[in-house]
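sequence? don't have it. structure:
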């Protein structure tokens, strides 16, 4: 299958891509290579990447430092089981994560994807309460419009109505859902609804799980730090754990290294992923505090019941170490602020188009919500013709470019968005 058309046809007939039909799939564009913020297609066209490969490639593609990290690790050890063995890349990564997150988060579980990190966090929370003898605390509380992954545990705390997983309601455990966070002009929030659920079901709820400041695939909604501050207070008052899912927002995407910093709070459990390896390899991390570690050990067993085969993969850990170093050595705060400022200027005028309901900007995230669902196939083809890679879904057209993007490259993205509405 040396001919591009041959392997592309084989792909269409045999490969199942995410969120698309196998019998009538959305079009796929064959990629030859990627460098910086540019994706090169097999036909020679180059696209400016507006997605960072689903939030992950914050440094762009084919980064020399990240390439070197992997090639230097390969000769010594590409993988080794983490049960009963350890290695320097994993220990180094744990130390880096502990050093850059809030001081109470001193313990790290290295998972192999964001969805698995959520599974681990939920199991940590439930196992903590089992060890305390509170066997009824098996439920989770979350908010509408949330997204926490595609595995069964993650799906169970995704929005059951507006989310992608309504087909599985019959098999998923039933948890509690408060309204999606709202912040009003007078400084108030709608967190009273969540508190009422806690008052009613405190004896059943193990933890609250939420995406801080930005809800991702559940609707790309943005809310205020005040909501998180009140949430932390409420969780403390009613003695439930707080899990923050920063798989999408972590490592600078919202303008601070982690979104929770803008609310000046600390979670009991923190989930990280996506940008952790700069988009090079699948890896995630779950950080927690001494309270959880000691609490899980209270029953004398102390064994967290999870152990992925590829946990703490040395290649992934080494490239994550390099990615964190590259990020911290860069002027990433200024870059994210520049991206936010330019997107605010360039995209706010999209409200002139009748199709656009709302424009939302936060850090290096720019969102257009439309009144009607998007025909992804048609919209995608237009955007590719305009020389950009932007992947819309439902009623949302959004961009989250690599931090290294230049102003003129970002303008190509925003100009393409204008073009699809102005013709």
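Now that the structure is in, tell me what you want to look at. These numbers were taken from a predicted model, which means no experiment stands behind them.

C-alpha only now, for contacts and for neighbours.
Fine.

which stretches of the stretch 251-400 of the chain form helices?
According to DSSP state H, counting those that start in this stretch, the stretch 251-400 of the chain carries its helices in the segments 290-296, 314-329, 332-347, 376-385.

Can you point out the buried residues in the shortest one?
This points to helix 290-296. 292-293, 295-296 (16 or more other C-alpha atoms under 10 Å).

So which of the helices of the stretch 251-400 of the chain is nearest residue 270?
helix 290-296 (11.9 Å; C-alpha to C-alpha).

other SSEs contacting that closest one?
With contacts defined as 3 or more C-alpha pairs under 8 Å, 6 or more residues apart in numbering; DSSP states H and E, helix 290-296 has these neighbours: helix 114-131.

Which residues does the helix it packs on contact?
For helix 114-131, the surrounding residues in contact (C-alpha atoms under 8 Å, 6 or more residues apart in numbering) are 111, 135, 137-139, 148-151, 153-154, 206-207, 241, 243, 245, 247, 269-274, 283-286, 292, 295-299, 304-306.

what's the residue positioned nearest the centre of the chain sitting at in phi/psi?
Nearest to the mean C-alpha position of the chain, by C-alpha atoms, centre = their mean, lies residue 248 at 2.1 Å. Backbone geometry at residue 248, expressed as degrees, to the nearest 10, gives phi -90, psi -30.

That one contacts residue 216, doesn't it?
Yes. Contact criterion C-alpha atoms under 8 Å: residue 248 and residue 216 qualify, at 7.0 Å.

what's the domain layout of the protein?
4-62+331-422, 77-329 (automatic domain parsing).

what distance separates the last one from the centre of its chain?
Looking back up the chat, that one is domain 77-329. Taking C-alpha atoms, centre = their mean, to the nearest Å, one finds the center of domain 77-329 at 10 Å from the center of the full chain.

what's the span of it, first residue to last?
Distances were taken as C-alpha to C-alpha, to the nearest Å; on that basis the terminal residues of domain 77-329 are 27 Å apart.

likewise stretch 258-270?
End-to-end distance of stretch 258-270: 10 Å, with C-alpha to C-alpha as the criterion.

Now that stretch: buried residues?
In terms of neighbour count (16+ other C-alpha under 10 Å), stretch 258-270 has its buried residues at 258-260, 262-263, 265-270.

Can you report how many residues lie near residue 120?
When neighbours are counted by other C-alpha atoms under 10 Å, residue 120 registers 25.

typo on my end, residue 19
A count of nearby residues for residue 19, using other C-alpha under 10 Å, gives 10.

do you know how far it is from residue 124?
Distance from residue 19 to residue 124, counting by C-alpha to C-alpha: 29 Å.

repeat for residue 213
Shown here: residue 213 relative to residue 124, a distance of 23 Å by C-alpha to C-alpha.

go on, residue 285?
Residue 285 sits 13 Å away from residue 124 when distances are taken as C-alpha to C-alpha.

Could you check which of these two has the larger neighbour count?
Set side by side, residue 285 and residue 124 show unequal neighbour counts under other C-alpha under 10 Å, the larger going to residue 285 at 28 against 24.

so what's that one bridging to?
residue 110, residue 272 (DSSP bridges).

isn't it right up against residue 274?
No. The criterion here is C-alpha under 8 Å, and residue 285 misses it with residue 274 at 10.0 Å.

so where is the stretch 251-400 of the chain shaky, pLDDT-wise?
Judged against pLDDT under 70, the low-scoring parts of the stretch 251-400 of the chain cover residues 299-301.
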